[in-house]
Structure formats: C-alpha cells, structure tokens
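> Sequence plus the predicted model coming up.
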Amino acid sequence: MVVCCALHNLLQQRGDLLEEEEEDVEANQPGVAGEETTQQEEEEEEQEEEEQKHHPDTEGLAAARVKHHFFRVLLDSALRNLATASQATSASPPPGQHPARGGSRRQKANRRLESPIDRIQPQDNFNIQQFTGVWRLIAVGSECSYLKMNNHKLEAVTIRVTNQDGNIRINTLQKLDGICWDIKQDYQKAETVGRFSRKNRGLTTDIVIADTDYSNYAILFLQQRRKITIKLYGREIDVNEAVQLKFRQLVLNSNIPEIFIYRFPQYGFCNVADEFHQLDDDFGKS
C-alpha cells in the first residue's frame, strides 16, 4: 500500500511538471489569432521567430530533459519496489497462520554435533535384570581434574544396581572421612537398550553399558559435558588380565592417556550406611 501511494504521487508530480512545461511553451509561442497587434509588433515577432529557428532555446530544452530523466529514474525505482513488495506479500503466509516449524527443527536436530558417547556401542542383547546386583569399582580411565588432584586418597567404591521398570537405580557406597555414605541416583532408559541418562541441577550424565559378561566384569562409559570417563567394575575385587587389557585398550582408543588410568583400592569397602548418611541425589533435581 505504501509503495502504491508513492507511485501515484510520483506520477501526479510528473504530470504537473509536464503541464507546467506545456504552459511555458505556450507562453513563449507567437500571439494567438484575434489579438490586435500593430504591423511593427508583427514584424518584431516574425524577426524573433526567425531568430528562434536559427538559435533554439537550448538551455530550456536541456532543463526539461533533465527533469524528464530524473522522474523517469524515480518512476523505474518505484516500479521495482512495487514488484518486490508484491513478491514478499505473496510469499508470506495468510493472516493468523505461521510458517511450519517442523522442518527447521529437523534441520537443527540434524546439525546437532555428534556427542562422543554416541559413538559407543552398548552390549549386544543387553539384559538389565542380569546386570543388577553388587559391583566393585576396580579402575577408572578419566582426565577428570578431581582425580588428577586427589588420586592419592581414593577410597574403595561399591555400587548396587536395581531394575526400576527398565530404568536403573544406582546406589554408590563409599567412605568419606571414614564414614560410609550411600548415594542414590536414578537413570532413565534411552531409546537404545543399554543406554541410560539422568539430568540433575542442569548437568546431564549419560551411561552406556559397553561390555559385560554379567558374572565377572562390566565396562561402563560415562559422559558429562562431552567428556568421557570409562569405568571397570567386577563382581569381585579383581578381574583377569584379559579384561584389564581390554579395558586399557578402550581407554586409549578414547584418547585418554594411560597415565590417567587410576586403580581403586581393593580393601575398605562399606556395604551399608546408617540412616543419617543416606543421600538421595535426585531430591530437588531440576
């Protein structure tokens, strides 16, 4: 609508200028029939006409041409703007409707960077019920800053896994300052069997049960903030050498240097905590 009004005004202005130019030309033309002129005046007019034939008013013509060219440019510009506005109007959705957002969301999902843990394959035919029970932490491969600073004072760790309708609950029992603590964490199953995840206080933790024979060992991959940690568990306090070599190779394949493989103590386990030292880590989570 704004473009149409501008175009109309330009056409009106150009028409007014053309009328003014016609009036100027008529004003400069010889006298109209019916006017009474003396013979001398007629001779002077004829003389002026002869002079105009030989010396035309070039300045007036040039000014008229400049005006014509100027408004021709403005007219062309207005026509282009009108065409652009018409295309934009036809491309926009009708009032009250919004463009479909599903496509953009799918594109955004496709552009999402692959997470390191997405490349980890879970245990074939993972059986959650066979995985439940007590496991002892044997070793950890991680570049975690806490382990780098505190690996000299590690405590033995026991976990107890229970099946929660396909989800898993992990109770971690560990001594802190000589007191046994029981920390509960719930993980929700993912679409792929053998993958679990939890989100607490804005931090997401992903777990993949990568390799286990259910009766002797289990190798778990954990991810927080796109950083991978690999844990080796055993039903007993140790596992055979073949499993240890397998664990070591998985750590190196994850670009974690061997120097960051930490062995946990095989003594000092605690199996139960009193009611005052049980922590529900999912309480008040967001």
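Ah, there it is.
> for residue 139, what are its contacts?
Listed by Cβ atoms under 8 Å, 6 or more residues apart in numbering, the contact partners of residue 139 are 231, 232, 244, 247, 261, 262, 263, 264. Every residue, glycine included, has its C-beta placed from N, CA and C.
> excluding its backbone neighbours, what's nearest the fifth one?
Among residues not flanking residue 261 along the chain, residue 141 sits closest, at 4.8 Å (Cβ to Cβ, 6 or more residues apart in numbering).
> neighbours of the one you found, just the number please.
25 (other Cβ atoms under 10 Å).
> That one pairs with what?
Counting by DSSP bridges, residue 141 forms beta bridges with residue 230, residue 261.
> begin at 87 from here
In the new count, where the first residue is 87, that last one comes out as residue 227.
> thought it was touching residue 343?
No: applying Cβ atoms under 8 Å as the test, residue 227 and residue 343 come out as separate, 9.1 Å apart.
> For the protein, just list every one of the helices.
For the chain, the helices defined by DSSP state H cover 88-114, 125-140, 144-177, 188-197, 214-217, 231-236, 327-339.
> Confidence-wise, which of those is weakest overall?
Ranked by mean pLDDT, these end with helix 88-114 in last place, scoring a mean of 48.
> Residue 243 against residue 259, yeah?
Yes: using Cβ under 8 Å, residue 243 makes contact with residue 259 at a distance of 7.4 Å.
> Show me the common contact partners of these two, please.
residue 355.
> tell me the pLDDT at the nearest residue to residue 283 once chain neighbours are set aside?
Nearest non-adjacent residue to residue 283, counting by Cβ to Cβ, 6+ apart: residue 292, 4.9 Å away. Residue 292 is assigned 97 on the pLDDT scale.
> residues contacting residue 292?
Applying Cβ under 8 Å, 6+ apart to residue 292 gives the contacts 201, 203, 281, 282, 283, 308, 309, 310.
> The fourth one: neighbour count?
Applying the criterion other Cβ under 10 Å, we find 24 residues in the vicinity of residue 282.
> With the second one instead?
Other residues within reach of residue 203 by the criterion other Cβ under 10 Å amount to 20.
> okay, stretch 346-366 in CSV with CA atoms only?
This file holds the C-alpha atoms of stretch 346-366, laid out as CSV (Å, rounded to 0.1, in the frame of the first residue of the first chain):
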residue,chain,number,x,y,z
PHE,A,346,45.1,-41.2,33.6
ILE,A,347,44.1,-44.8,34.4
TYR,A,348,43.6,-45.0,38.2
ARG,A,349,43.4,-48.2,40.2
PHE,A,350,41.0,-48.1,43.1
PRO,A,351,41.7,-49.8,46.5
GLN,A,352,40.7,-53.5,46.9
TYR,A,353,40.1,-53.1,50.6
GLY,A,354,38.0,-50.9,52.9
PHE,A,355,34.6,-51.4,51.2
CYS,A,356,31.5,-50.4,53.0
ASN,A,357,28.3,-52.3,52.3
VAL,A,358,25.7,-50.3,54.3
ALA,A,359,25.2,-46.8,55.6
ASP,A,360,23.2,-45.7,58.6
GLU,A,361,20.0,-43.7,58.1
PHE,A,362,21.9,-40.4,58.7
HIS,A,363,24.3,-40.9,55.8
GLN,A,364,21.9,-41.8,53.0
LEU,A,365,21.7,-39.2,50.3
ASP,A,366,19.1,-39.0,47.6
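> Could I get the buried residue list for it?
Neighbour counts over stretch 346-366 (16 or more other Cβ atoms under 10 Å) mark 346, 347, 348, 350, 355, 356, 359 as buried.
> cool, stretch 318-325 as well?
Within stretch 318-325, the residues that count as buried by 16+ other Cβ under 10 Å are 318, 319, 320, 325.
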